[in-house]
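1. I'd like to go over a predicted model; first the sequence, then the structure.
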Amino acid sequence: MQFALMIYHTPEEFEMRKNDYNHPHLGAWRAYYKALVAAGVYVGGNALELPETGTTVRVKEGKRRVQDGPYADTKEQLAGFIILELPSIDVALEWAARCPGASIGAVEVRPLAPEAMRRGFTGE
Amino acid sequence: MNEIHQEDTHRTIERVARESYGRLVAYLSVHTHDLASAEDALSNALVSALNHWPREGVPKNPEAWLMTAARHSLIDVIRHQKVVLESEPTLKFLTENSTEMSLSTSTQFPDERLNLLFVCAHPAIDPAMHTPLMLQTVLGLDAARIAQAFLIAPKTMGQRLFRAKTKIRSGGIPFEIPQERDLPERLDAVLEAIYAAFGLGWDDMAGADRRGRDLAEEAMWLARVLLQLMPREAEVQGLLALMLHCEARRPARRDVKGRYVPLSEQNPEQWLSPLIEEAERHLAEAFQRGRVGRFQLEAAIQSVHAERARSGRTDWAAIVLFYEQLLKVSGALGTRVGNAAAVAEANGLEAGLAVLESIDRDAVADYQPYWAVRAHLLQKIGKTGQASEAYDRAIGLAEDPAVREFLLQKRG
């Protein structure tokens, strides 16, 4: 079963990330990534650029609407995501609690849509 | 009615609810086997108390008052269920005893909590649900609070509790104390469940994550209830002693800046000596009963650590001896890793590492304490490269930010 761990940061955390590529937190993230790979559960994932670099696109009544900034107007913003292969939601929550993002912001855990539905999307 | 009085009344209700919850649920469910209805009836009774007591004053015997109110509510519930034939004996029981109860001024109903504890930890119930069931039915914790402690979505915890109670009601699980020959095993399940509420205390190891469930107080309450009901069981006292020793170190586990302090660097003056003394009393009594078990041995290890407050040193050889005994009754990962750490202190780093190496690698892939101990030993032996690999694993598997920070510092 695959789960997405969606990592949300506060503005302060984004600010710190922007200014310091050697921030001590990075050591914790590196270690977390290594632990995921060593446990054989890591499928994929990545960090995202800052929320203000986002652009939101809608097409309404045939007209394009383009907006600066991220889709959701919230204090905490999506900062990255990780896809994991795990036996159950219980184990997924364990890994979410270990994620450095959980102690500085929030981590949402959501199952990926079932394989059959995903195949419906891709047609493969 | 002035506000202070009202506040007093509310506090009284809270206190009575806390002290009597398990007794009332146990007594209300012992004949029906229906925990959910007993809990509903009791919560109706508590709501009713909140309405009546501030106006009419707190009754002389609040517990008996709650019992009467809950019993009436339960009779209503059962009548509504319309399974008249089946519920006839229960109704008879409830109505027959109810007049006597409402007239009585002393708490005359028997304490059935021991039955309830054995039901919660029955082998037919999923072991993962033993502790949540106890916390809910004996202590009255709500599903949301239990869900926090066990890192499970509140809705999911609610559903799992509901399923477990349905199984208890319709699965023929007896509300009775197990027979002599089953008792040790069944009691063990009860003790395990109480210990699971306490969380896992690996603070005798270098930078091992302590998965506190934030339920230490509740776990100790359960252990005390159990001890009151089974005053002659050595392992019950062993468990209480173990938890008291761990709890005694709470103030020393963080420095003033909130940083993690491993056991070896803790200042014994910060340990809570009344808790240590109580632990020692229980452990001494338990040992006298001559039936040594897992929890007494774990408590004994903590007792040796506590000695440092008096002697200024840790007798690692004694700890290793207790671990040898412990390994005969428990092959748990925590025991094996703890043993390796103790062997390293008593017989040298190489010996400790050898013990670690003997543990199956697959079993420890996501077991944080293993990597914390391994990193510590490799670093002391001077294998820097391997040590920082192990540190990374320990950091990546840590949940507590303070532990993570501590290990990042040590890795350098």
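-> The structure has been received and is ready for your questions. Numbering: from 1, shown residues only, chains lettered A, B, ... in the order given.

2. does the residue lying closest to residue B:12 once chain neighbours are set aside sit in a helix, a strand or a coil?
-> Nearest residue to residue B:12 in three dimensions, chain neighbours excluded: residue B:58, at 5.2 Å (CB to CB, 6 or more residues apart in numbering or on different chains). C-beta coordinates here come from the backbone N, C-alpha and C atoms, glycine included. Reducing the assignment at residue B:58 to three states with DSSP: H, G, I helix; E, B strand; the rest coil gives coil.

3. for the stretch 251-400 of chain B, which segments count as helices?
-> B:273-288, B:294-311, B:316-329, B:333-347, B:349-357, B:368-381, B:384-397 (DSSP state H, counting those that start in this stretch).

4. whoops, I mixed them up, chain A
-> With DSSP state H, the ranges of helices along chain A come out as A:11-19, A:24-38, A:89-98, A:100-104, A:115-122.

5. and these: which comes nearest chain B?
-> Taking CB to the nearest CB as the criterion, helix A:24-38 is the member of the helices of chain A that comes nearest to chain B, at 2.8 Å.

6. what residues does the closest one touch?
-> By CB atoms under 8 Å, 6 or more residues apart in numbering or on different chains, the list of residues contacting helix A:24-38 from outside reads A:16-17, A:42, A:82, A:84, A:95, A:98-100, A:104, B:365-366, B:391-397, B:404, B:408, B:411.

7. quick one: buried residues of that helix?
-> Neighbour-count burial for helix A:24-38, counted by 16 or more other CB atoms under 10 Å in any protein chain shown, picks out A:25, A:27-29, A:31-32, A:34-36, A:38.

8. which residues touch the residue of the stretch 101-250 of chain B found nearest chain A?
-> Using CB to the nearest CB, the single residue of the stretch 101-250 of chain B nearest to chain A is residue B:151, 4.9 Å away. Residue B:151 makes contacts with A:90, A:93-94, A:97, as judged by CB under 8 Å, 6+ apart.

9. lowest confidence element among the helices and strands of chain B?
-> Among the helical and strand segments of chain B, the one scoring lowest on mean pLDDT, DSSP states H and E is helix B:84-103, with a mean of 57.

10. which bits of chain B sit near chain A?
-> B:151-153, B:156, B:365-366, B:391-399, B:401, B:404, B:408, B:411 (CB under 8 Å from any CB of the partner chain).

11. go again using 10 Å as the cut-off
-> Contact residues (CB under 10 Å from any CB of the partner chain) of chain B with chain A: B:128, B:150-153, B:156, B:209, B:211, B:361-362, B:365-368, B:371, B:388-389, B:391-402, B:404-405, B:407-409, B:411.

12. so how do I select the buried members of the residues you listed in PyMOL?
-> A single PyMOL command is used to select the members of the residues of chain B next to chain A judged buried by 16+ other CB under 10 Å:
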select buried, chain B and resi 150+152+209+211+365+366+367+368+371+388+389+391+392+393+394+395+396+397+398+399+400+401+402+404+405+407+408+411
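
13. quickly find the element holding the closest residue to residue B:126 other than its chain neighbours.
-> Closest residue in space to residue B:126, ignoring its immediate chain neighbours: residue B:164 at 6.9 Å, by CB to CB, 6+ apart. Here residue B:164 sits within helix B:154-170, counting by DSSP states H and E.

14. against which helices or strands is that helix packed?
-> Helices and strands touching helix B:154-170, by 3 or more CB pairs under 10 Å, 6 or more residues apart in numbering or on different chains; DSSP states H and E, are helix A:89-98, helix B:3-29, helix B:35-56, helix B:113-120, helix B:127-137, helix B:143-150.

15. what angle separates it from helix A:89-98?
-> 140 degrees (axes from the mean of the first three to the mean of the last three CA atoms, to 10 degrees).

16. quick one: mean pLDDT over the helix or strand just after helix B:154-170.
-> Toward the C-terminus, helix B:154-170 is succeeded by helix B:183-198 as the next helix or strand (DSSP H and E). Averaged over helix B:183-198, pLDDT sits at 92.

17. cool, and stretch B:21-30?
-> Averaged across stretch B:21-30, pLDDT comes to 92.

18. the closest residue to residue B:271 other than its chain neighbours - how many residues pack around it?
-> Ranked by CB to CB, 6+ apart and with sequence neighbours excluded, the top spatial neighbour of residue B:271 is residue B:248, at 5.0 Å. Other residues near residue B:248 come to 23 when the count uses other CB atoms under 10 Å in any protein chain shown.

19. CA-only coordinates of stretch A:67-80 in PDB, if you can.
-> The C-alpha trace of stretch A:67-80 is given here as PDB (Å, rounded to 0.1, in the frame of the first residue of the first chain):
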ATOM      1  CA  GLN A  67      -2.900  33.900 -10.000                       C
ATOM      2  CA  ASP A  68       0.400  34.600  -8.200                       C
ATOM      3  CA  GLY A  69       1.200  32.300  -5.300                       C
ATOM      4  CA  PRO A  70       0.000  29.000  -4.000                       C
ATOM      5  CA  TYR A  71      -3.500  27.600  -4.300                       C
ATOM      6  CA  ALA A  72      -4.400  27.600  -0.600                       C
ATOM      7  CA  ASP A  73      -4.400  30.800   1.300                       C
ATOM      8  CA  THR A  74      -3.200  29.300   4.600                       C
ATOM      9  CA  LYS A  75      -0.400  30.100   7.000                       C
ATOM     10  CA  GLU A  76       1.200  26.600   6.700                       C
ATOM     11  CA  GLN A  77       2.100  25.700   3.200                       C
ATOM     12  CA  LEU A  78       3.000  22.500   1.300                       C
ATOM     13  CA  ALA A  79       6.800  22.200   1.400                       C
ATOM     14  CA  GLY A  80       7.400  18.800   0.000                       C
END
